[in-house]
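Engineer: next comes the sequence, and after it the predicted model I'd like to discuss.
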2 protein chains.
Amino acid sequence: VSLRPTIDDVRRAAGRIAGEAVRTPLLASAVLDAAVGARVLLKCENLQRTGSFKFRGAYNAISPLGGEGRAGGVVAVSSGNHAQGVAAAAGLMGTPATIVMPADAPGVKLRRTEALGARIILYDRASEDREAIAARTIADHGGALIHPYNDPNVIAGQGTVGFEIAEDCAAWGVAPDAVVIPCGGGGLSAGVGLALHDAFPAIDLVLVEPAGFDDYALSLQAGHPVTNPATAGSICDALLSPSPGAIGFALNRVNGARAISVTDDEALAAVAFAFRELKLVVEPGGAVGLAALLSGNLRAYSGRTVVVVLSGGNIDPAIFEKALALP
Amino acid sequence: VSLRPTIDDVRRAAGRIAGEAVRTPLLASAVLDAAVGARVLLKCENLQRTGSFKFRGAYNAISPLGGEGRAGGVVAVSSGNHAQGVAAAAGLMGTPATIVMPADAPGVKLRRTEALGARIILYDRASEDREAIAARTIADHGGALIHPYNDPNVIAGQGTVGFEIAEDCAAWGVAPDAVVIPCGGGGLSAGVGLALHDAFPAIDLVLVEPAGFDDYALSLQAGHPVTNPATAGSICDALLSPSPGAIGFALNRVNGARAISVTDDEALAAVAFAFRELKLVVEPGGAVGLAALLSGNLRAYSGRTVVVVLSGGNIDPAIFEKALALP
């Protein structure tokens, strides 16, 4: 795999994860279509193994390390979904995993990562540098770093989400006008954009960030990666990475991506809509694409066909109940 | 369609509902497989239009009425899921719908049925006879009765659930050992059993009822339909019909069905498991098949392949929160 992954890398990743990852459904909802005035297809990565798309990239990055590389173990930094993806993929390959996680990560994510057999190192999101902690761990104990997004194998693995969307759309004779993707470090959007631009060259690529954590929008505007001033404070805990990864940023620029934001309340309203109407459990960060449509931020797609990625479903019951209690 | 539906009626139903019903996914979960020691495939009818499988049978029963028949309207009795199925299918065909619903039906089901444009007549489950109310409505105002389960077109429509399971299993090269189905009046199990016995003649057909509402188990034992003593009092509101429908009962007997029960707490624990591990919203009555596996009542299938139908997801937030609060 080259530094910038290609569609061939995505195809190879699809072969690697087959049988281990869930081939998640692309779902339609008459109620959703009526609510937003467009034909919406939901790619349900909340139904993926470990509850988010992250398993795909983690498996695709650990698998090529080979027997000796895998025996040395892997190290990752993650707010919780990449943590579970790495822990599950490493577990399947008999590889020890150490994950550096923020102390304020959702309890459900901490517990599930531990249950998958990983060793966890906690850090303080406001005062400590997680990359430095990971580097020190590797210097002391060895192990291969599995970056959550700035890694061509991880991006190619996440690209299988787009590859499956393209397969299903082709089978149904549908050419989507846009794909709407939750965006933290940009690995998912880079991979999905890569695969969908290959299948549908005219497709629009819309990234969605939490308000106040719009480093991708700022970076696309500036033409180079820019860092968020804030490090914490959104309910979308999965999308708080400080700045775009360089590899994904280059891909997203080439593919003409644009980025928009939704508020925490818009994300929670989408979580509640998914419960009430779609019967799906989605975490706030995983629901921002749906929120962008429901809040009216994407009216340009009225009457057109839009694919929305629901990227994860690992939500604490207290936050879920907060969403259901919204007026 | 004859009084006892055949596999050809199911095939015809599949053609009728195509494009209107959701072709729901058959999902696997590594965590679920590990928890129950079997390979489990979940047929997600909670993701169906209106939030339950009932849309299929309702659409398939209203569609053949023809223009004049449909113009006269339809009448149904339902605890809430058939109500929504009939209301939505009737709405699509421009047919007025009147639904007789128990006053203690979940609020979410009452509101959603109303939102779909149906007229609702409430009755008291303990003291009034819903069939008599429906008959009076038809005598006074006309309309065709769409029975929730004792109707060959309804059973053939529900059979499309089994038809799709068979298609997916065949595509994956899987021959399931058993199918586990929530059971109220027995229309879903009769249809699914019909379709799956056609595809896999050796498959076991396991119906699951709420404890205390095991009229199907008692009836299979007696060899003829028997009535529950209780009329209310289980959290599985979708499964409280008083006795098996005659048409489905004959089919289920021919197909060698057996029936088991789960408690309300087992059903709620399955609702919580679906939230936590599967990221699916399932109502208690829709989760009894999953509950039968998780509670250890179906250990006979250790190491084998079991299809479980999740039949609905229309749950009030308060009941959902009660499930999540279980220890």
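Structural biologist: Good, I have the coordinates.

Engineer: for the stretch 101-250 of chain A, which segments count as strands?
Structural biologist: Applying DSSP state E, counting those that start in this stretch to the stretch 101-250 of chain A gives strands spanning A:119-123, A:144-145, A:178-182, A:204-210.

Engineer: give me whichever of those is most buried.
Structural biologist: strand A:178-182 (a mean of 29; mean count of other Cβ atoms under 10 Å in any protein chain shown). Bear in mind the C-beta positions are built from the backbone N, C-alpha and C, glycine included.

Engineer: which residue does the stretch 151-300 of chain A bring closest to chain B?
Structural biologist: A:Lys279 (3.4 Å; Cβ to the nearest Cβ).

Engineer: I'd say that residue and B:Gly51 touch.
Structural biologist: Yes: with contact defined as Cβ atoms under 8 Å, A:Lys279 reaches B:Gly51; the gap is 5.7 Å.

Engineer: just want to know which of the two has more residues nearby.
Structural biologist: Using other Cβ atoms under 10 Å in any protein chain shown, the more surrounded residue of A:Lys279 and B:Gly51 is B:Gly51, with 31 against 27.

Engineer: quick one: residues contacting the more buried one.
Structural biologist: Contact analysis of B:Gly51 by Cβ atoms under 8 Å, 6 or more residues apart in numbering or on different chains lists A:Glu277, A:Lys279, B:Asn81, B:Gln84, B:Arg112, B:Gly312, B:Gly313, B:Asn314.

Engineer: out of those, who has the most neighbours?
Structural biologist: Most surrounded of the contacts of B:Gly51: other Cβ under 10 Å gives B:Asn81, at 33 neighbours.

Engineer: that one contacts B:Lys54, correct?
Structural biologist: Yes: shown here, B:Asn81 and B:Lys54 form a contact pair, counting by Cβ under 8 Å, at 4.5 Å.

Engineer: now A:Val307: which helix or strand?
Structural biologist: strand A:305-310 (DSSP states H and E).

Engineer: and chain A, which residues reach chain B?
Structural biologist: Residues of chain A found near chain B (Cβ under 8 Å from any Cβ of the partner chain) are A:22, A:25, A:27-30, A:46-47, A:49, A:51, A:88, A:108, A:275-282, A:313, A:317, A:320-321, A:324-325.

Engineer: now the buried members of the residues you listed.
Structural biologist: A:22, A:25, A:27-30, A:46-47, A:49, A:51, A:88, A:108, A:275-282, A:313, A:317, A:320, A:324 (16 or more other Cβ atoms under 10 Å in any protein chain shown).

Engineer: strands - which of the residues you listed land there?
Structural biologist: Among those, the ones falling in strands (DSSP state E) are A:Leu27.

Engineer: picking that back up, between A:Lys279 and B:Gly51, which contacts overlap?
Structural biologist: Common neighbours of A:Lys279 and B:Gly51 (criterion: Cβ under 8 Å, 6+ apart): B:Gly313.

Engineer: ok, now how distant is the residue of the stretch 151-300 of chain A closest to chain B from B:Leu116?
Structural biologist: A:Lys279 sits 16 Å away from B:Leu116 when distances are taken as Cβ to Cβ, to the nearest Å.

Engineer: hmm, A:Gly248 is touching A:Pro148, no?
Structural biologist: No: counting by Cβ under 8 Å, A:Gly248 does not reach A:Pro148; the two are 10.6 Å apart.

Engineer: of these two, give the one with the bigger neighbour count.
Structural biologist: Between A:Gly248 and A:Pro148, counting by other Cβ under 10 Å, A:Gly248 is the more crowded of the two (31 against 23).

Engineer: please report how far the residue of the stretch 1-150 of chain A found nearest chain B lies from A:Gly312.
Structural biologist: Nearest residue of the stretch 1-150 of chain A to chain B, counting by Cβ to the nearest Cβ: A:Pro25, 3.7 Å away. From A:Pro25 over to A:Gly312 the distance is 15 Å, taken as Cβ to Cβ.

Engineer: could you do A:Ala58 as well?
Structural biologist: Distance from A:Ala58 to A:Gly312, by Cβ to Cβ: 13 Å.

Engineer: do I have it right that A:Leu218 meets A:His224?
Structural biologist: No: the criterion here is Cβ under 8 Å, and A:Leu218 misses it with A:His224 at 10.0 Å.

Engineer: pLDDT score for A:Ala300?
Structural biologist: Looking at A:Ala300, its pLDDT is 88.

Engineer: neighbours around it, how many?
Structural biologist: 12.

Engineer: circling back: which residues do A:Gly248 and A:Pro148 both contact?
Structural biologist: A:Gly185, A:Gly187.

Engineer: looking at A:Leu218 and A:His224, which is more packed in?
Structural biologist: When neighbours are counted by other Cβ under 10 Å, A:Leu218 and A:His224 differ, and A:Leu218 comes out ahead with 16 against 12.
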